[in-house]
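J.: Below is the sequence, then the predicted model.
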Amino acid sequence: MFVPLSATTAAMAAVALLAAPLATPLAAQEVRELVVAPSRVTLEAGKTQLLVATSYDSLGNLLPADSVSYRSSDTTIVRVSSAGELAALRAGVAHVEARVGSAAARVDVTVSAPPPPATPAEPVGSLTLAPASLLLLPLEPARVSVRATGMDGAAMAPPPVSWRTGDARIASVDRDGVVIGVAPGITTVTAATAGGIAASIGVAVDTALFTVPAGLAVGSGATDSLFAVVPTQGGRRLRAGLSWTAVDTSIVKVLPGGLVRGIRPGATEILVRGYNMSARVPVTVRVPIASFTMTPSADGAPVAIPVGTTRKVELQAEDANGNPVPNIPVAWTVGDTTLLRFSPSTGLVTAQRVGRGTLTALVAGFDPVVWTFEVLPVTVQLDRTRLGLAVGDRVRLTGRLVDPDGATVPGLNTSLSWSSSRAGVVSVVNGALSAESVGRSVVTASTPWGTEGSADVFVTGDLLLSSDRAARRGVGLYQMRLDDPSTLIPVLADTSTILHAAFSPDRTRIAVSSNRAGSFDIWIMDADGRNLRQLTSDSTASESEPAWLPDGSAIVYTAGAGGASQLAIVPVDSGEARVITAGPGGHQSPSVSPDGRYVAYVSAREGNYDVYVSTLEGADLRRITATPVRERAPHWLQDGALLFASDLSRSGAVIVRQHGASRQVIAEVPDAVLDLAVSSDGRRMAVLTGRVESRESSAVAYRLVTQRVEPGQTPVAIPLRAGELIATPSF
């Protein structure tokens, strides 16, 4: 009986013919292997199924399968035609045998009873077809599936539909929704229910060219796959209609679908045919890989890599003799791409944030190679974390990037972002600082990944003064700029008395003598008055007149009162104070030499207050002056000379510069000198004098002047308020 072929059957037959080799096999070739697909079939009674038979010779070459004969074990259950089409007749189990010469293959067939009569169908609300459109080559098949929703919009089982094509000259469609391209053009395919619900998709058939990979390398005994794509159709892969043939089957074997197996080392080509086109793919079968060399090692502890840096990763395959095996395909995978970034072309791993991540290299047929990277934090270390500036100063901060051990991170090139917490006090551009006004600001340098380093920057005035101008029943501490002497800027003003303020050498801290804890003790604070801390605490005596060592590590001060006073030294950060002078007459007003080895002070140990010098240990004691008048407030100058005040036998005093035996009068003042201050560079001095205006009230008229430390200079008076108590100026 003649059974007409369905559209699906015709299409599959066309594909099977297209996949057959073009050349006629040699007569000597014999079928050694017969493969029939599918090998298991389940059908409903009344349904059909086409079998596809493929035969191979002993070398794996594809042979024509037109001489295959088929036989059913029970023709009442399933019948098979000479073309391999199964027809299910009744429920039961049978098998079909396919044979070519001595090669045979078996297909198990299970036939189920037809479904019971359909119950009234659920009304269909809408149909949707997938995919939404098709791009095909002539003779290329593709299946379209149906999705349905009910009247309520809920998904339902696809109902029976009928299929039709808009133009059968362009594309055909069978009862199962299999569309086959026929000729170039554009048309539609429509599915419709018995109730008239329909959906359509567009089908474009084009004679576009396909392309294949430029080459393939596969290991001996390993497998890989080839594929063809259509560039003008979005690079889609062709799933059917291609035949793959190896030119030299002793080097490589290729199976239907483009699966390639390396047989032995060598080079050959694979011929690809289909859709009236052909292409060749060069194939190299390399020697088997025996081992890998990994740089860095993937066998030990995690590889440390600072954030923001890169690390080279190499995987070298080797044969059994240790020779490199080049051009192996490697699939690279990063466990967390927010933590690590990897470039296969350069082999560089880039650490993006702190944490632990993995990089995996996968070579077909081998266990994965896994590197674990420990991304270390990289912080910014500034060359200075505290600095004091005067208004108008310009300095530069530099930063380096360091690992947790404090070592500079090599190979890290990144720019720092700079900011100032108070740009009105300190402005910063790329690390260049400009002091704008008196105050405190935090300058911060940040990395792109969020770590940072910072420096406290103090912009200070020219002079420190003690005054009762705004203190609440006390004497407070103020700063003053010489270009605006009428304005005092409070540093610390409360109910206590603060005297003898002295800037630290870097001008970021201030040491003072204050009675805020009861007796006068030495305290230190930041240059803006914050972080006040008590340094000495002797309730039986007074500590005053602090003088910093040049390195800022310790302070020399006057301990005790009257004739019992001695000089002592105390570390700023930790440690006990120790006395460095001895003897009667009192020792006071210390000043430390620029090299930090000596201290100058005044003492009445010989009956009159003269200037003495000794080491910080109290040794090498020398008397500098021996006059009948009182000397006070000695200060070292940068050249080793001493500047001090010396009373006149009449009223008033002179400011003397003495270097060895050389004595030079710098200035003469008409009133008693209460205190003398010298700038750190030794170029400017401030002189505070006082005159008792009324013996009844003991009122004192204070006068504060500044001038250069040179003879003949005109003093500049600092304006003071009437009745204002002023004391202990200090640069």
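T.: Right, received. Where do you want to start? From a predicted model like this one, the values you see are computed outputs, not experimental measurements.
J.: Where does pLDDT dip in the stretch 301-450 of the chain?
T.: Residue ranges of the stretch 301-450 of the chain with pLDDT under 70: 411, 413.
J.: what's near enough to touch the nearest residue to S102 once chain neighbours are set aside?
T.: Nearest residue to S102 in three dimensions, chain neighbours excluded: V31, at 7.8 Å (Cβ to Cβ, 6 or more residues apart in numbering). All C-beta atoms are positioned from the backbone trio N, CA, C, and that covers glycine. V31 makes contact with S55, Y56, D57, L63, V100, G101, S102, A103, according to Cβ atoms under 8 Å, 6 or more residues apart in numbering.
J.: end-to-end on stretch 212-228?
T.: With Cα to Cα, to the nearest Å applied, stretch 212-228 spans 5 Å between its terminal residues.
J.: Which residues outside that stretch are in contact with it?
T.: Here stretch 212-228 makes contact (Cβ under 8 Å, 6+ apart) with 210-211, 229, 237-238, 242, 244, 252, 254, 257-265, 270, 272, 274, 279, 281-289, 327-329, 364-365.
J.: Show the average pLDDT along it.
T.: Stretch 212-228 shows a mean pLDDT of 88.
J.: got it, and stretch 179-189?
T.: Averaging pLDDT along stretch 179-189 yields 93.
J.: Report the contact partners of the closest residue to D383 other than its chain neighbours.
T.: Leaving aside its sequence neighbours, D383 sits nearest to T398 (Cβ to Cβ, 6+ apart; 4.9 Å). Residues in contact with T398 (Cβ under 8 Å, 6+ apart) are L382, D383, G431.
J.: how deep is the last one tucked in, by neighbour count?
T.: Number of residues near G431 (other Cβ atoms under 10 Å) recorded here: 16.
J.: residues in contact with it?
T.: Neighbouring residues of G431 by Cβ under 8 Å, 6+ apart: R396, L397, T398, G399, L416, W418, A445.
J.: now swap in I201 and tell me
T.: Contacts of I201 by Cβ under 8 Å, 6+ apart are L129, P131, A132, S133, L134, V144, T188, V189.
J.: what's the helix or strand for it?
T.: According to DSSP states H and E, I201 maps onto strand 198-205.
J.: Counting neighbours, what do you get for the closest residue to L725 other than its chain neighbours?
T.: With sequence-adjacent residues excluded and distances taken as Cβ to Cβ, 6+ apart, L725 is closest to D468, at 4.4 Å. Using other Cβ under 10 Å, the number of residues around D468 comes to 18.
J.: How much space separates D468 from G723?
T.: Noted for D468: a distance of 9 Å to G723, by Cβ to Cβ, to the nearest Å.
J.: And for V52?
T.: In terms of Cβ to Cβ, V52 sits 116 Å off from G723.
J.: Pick out whichever of those two has more residues nearby.
T.: Counted by other Cβ under 10 Å, V52 and G723 do not tie: V52 has more neighbours, with 16 against 10.
J.: Now that one. Its backbone dihedrals?
T.: phi -120, psi 120 (degrees, to the nearest 10).
J.: Correct me if wrong: it contacts L34.
T.: No. With contacts counted by Cβ atoms under 8 Å, V52 stays clear of L34, the gap being 11.5 Å.
J.: quick one: low-confidence parts of the stretch 101-250 of the chain?
T.: Ranges of the stretch 101-250 of the chain meeting pLDDT under 70: 117-121.
J.: residue boundaries of the strands in the stretch 451-600 of the chain?
T.: Taking DSSP state E, counting those that start in this stretch as the test, the strands found in the stretch 451-600 of the chain are 452-460, 463-467, 476-481, 484-492, 498-503, 509-514, 521-526, 533-534, 543-548, 554-559, 566-571, 578-579, 587-592, 598-603.
J.: give me the number of residues near P550?
T.: 14.
J.: Which residues does R106 form beta bridges with?
T.: Assessed by DSSP bridges, R106 has beta-bridge partners E97.
J.: Just to check, it is in contact with R99?
T.: No. Using Cβ under 8 Å, R106 makes no contact with R99, being 9.9 Å away.
J.: of these two, who's got more company?
T.: For R106 and R99, the more surrounded residue by other Cβ under 10 Å is R99, and the numbers stand at 17 against 13.
J.: and M156, how far is that from A130?
T.: M156 is 15 Å from A130, by Cβ to Cβ.
J.: In terms of neighbours, single out the busier of these two.
T.: Taking neighbours as other Cβ under 10 Å, M156 and A130 compare with M156 leading, 16 against 11.
J.: Show the contacting residues for that one.
T.: So M156 contacts E122, V124, A148, T149, G150 (Cβ under 8 Å, 6+ apart).
J.: if we go to 7 Å?
T.: Listed by Cβ atoms under 7 Å, 6 or more residues apart in numbering, the contact partners of M156 are E122, A148, T149, G150.
J.: Just the buried ones among the contacts of stretch 212-228, please.
T.: For the contacts of stretch 212-228, a neighbour count by 16 or more other Cβ atoms under 10 Å gives the buried set as 210-211, 238, 242, 244, 252, 254, 258, 260-263, 270, 272, 274, 279, 281, 283-289, 328.
J.: Which of these fall in strands?
T.: Applying DSSP state E to those, the entries found in strands are 244, 252, 254, 260-262, 270, 272, 274, 279, 281, 283-286.
J.: So for the helix or strand encompassing V687, what gets flagged as buried?
T.: Under the criterion of DSSP H and E, V687 resides in strand 684-694. Neighbour counts over strand 684-694 (16+ other Cβ under 10 Å) mark R684, M685, A686, V687, L688, T689, G690 as buried.
J.: Let me know the average pLDDT across it.
T.: Averaging pLDDT along strand 684-694 gives 89.
J.: roughly how far out does it sit from the chain middle?
T.: Relative to the centre of its chain, strand 684-694 is centred 61 Å away, using Cα atoms, centre = their mean, to the nearest Å.
J.: List buried residues within the contacts of V31.
T.: S55, Y56, D57, L63, V100, A103.
J.: ok, the residues you listed vs S72, which is closest?
T.: Comparing those against S72 with Cβ to Cβ places V100 closest, at 17.2 Å.
J.: For R99, see how far away the closest residue to that closest one other than its chain neighbours is.
T.: Sequence neighbours aside, V31 is the residue nearest to V100 in space, at 4.6 Å (criterion: Cβ to Cβ, 6+ apart). As judged by Cβ to Cβ, V31 and R99 stand 10 Å apart.
J.: With T706 instead?
T.: The gap separating T706 from R99 is 121 Å, by Cβ to Cβ.
J.: and stretch 217-237, how far apart are its ends?
T.: Stretch 217-237: ends 20 Å apart by Cα to Cα.
J.: Run through the stretch 451-600 of the chain and note the low-pLDDT ranges.
T.: By pLDDT under 70, the weakly predicted segments of the stretch 451-600 of the chain are 471-472, 561-563.
J.: Tell me which residues touch the nearest residue to A493 once chain neighbours are set aside, please.
T.: Among residues not flanking A493 along the chain, G476 sits closest, at 2.7 Å (Cβ to Cβ, 6+ apart). Taking Cβ under 7 Å, 6+ apart as the contact definition, G476 lies against S467, A470, P490, L492, A493, D494, I498.
J.: G347 is in contact with E314, isn't it?
T.: Yes. Look at G347 against E314 with Cβ atoms under 7 Å: they come within range, at 5.8 Å.
J.: More neighbours: which of these two?
T.: Using other Cβ under 10 Å as the criterion, G347 and E314 rank with G347 on top: 15 against 11.
J.: Please spell out which residues along stretch 74-94 are buried.
T.: Buried, per 16+ other Cβ under 10 Å, within stretch 74-94: 74, 77-81, 84-89, 92, 94.
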